[in-house]
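> Provided below are the primary sequence and the corresponding predicted coordinates.
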Amino acid sequence: MAQLSPALKQATPVLAERGEGVYLYDEAGRRHLDFTAGIGVTSTGHCHPRVVEAA
């Protein structure tokens with residue numbers, strides 16, 4: 001994911017392919033709880049349908 005900060009790769013070996021709610025999914029489809037969610041996703045999670053629709 002070219003748009004992620006290079007620092008994120010240092011924080012975890014997980015290479016995130018997508019995010020949904022509080023989970024990140026890697027390229028193999030494994031689900032990981034996102035303990036590093038930032039302020040932008042803390043209350044709604046990744047890809048909340050209403051946020052995506054508004055954007």
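Perfect, thanks for sending it.

> which residues of this protein fall in helices?
Assigned by DSSP state H, the helices in the chain fall at 6-11, 49-54.

> any idea which of the ones you listed scores lowest on pLDDT?
Sorting those by mean pLDDT places helix 6-11 lowest, at a mean of 63.

> pull the number of nearby residues for residue 29.
Around residue 29 there are 8 other residues, counting by other Cβ atoms under 10 Å. For the C-beta atoms, the positions are set from N, CA and C on the backbone; glycine is no exception.

> do you know how far it is from residue 22?
Computed as Cβ to Cβ, to the nearest Å, the residue 29 to residue 22 distance reads 17 Å.

> now do residue 54
From residue 54 over to residue 22 the distance is 20 Å, taken as Cβ to Cβ.

> now residue 28
Relative to residue 22, residue 28 is positioned 19 Å away (Cβ to Cβ).

> what about those two, which has more around it?
Neighbour comparison, residue 28 and residue 22: the larger count goes to residue 22, with 16 against 7 (by other Cβ under 10 Å).

> all set now, cheers.
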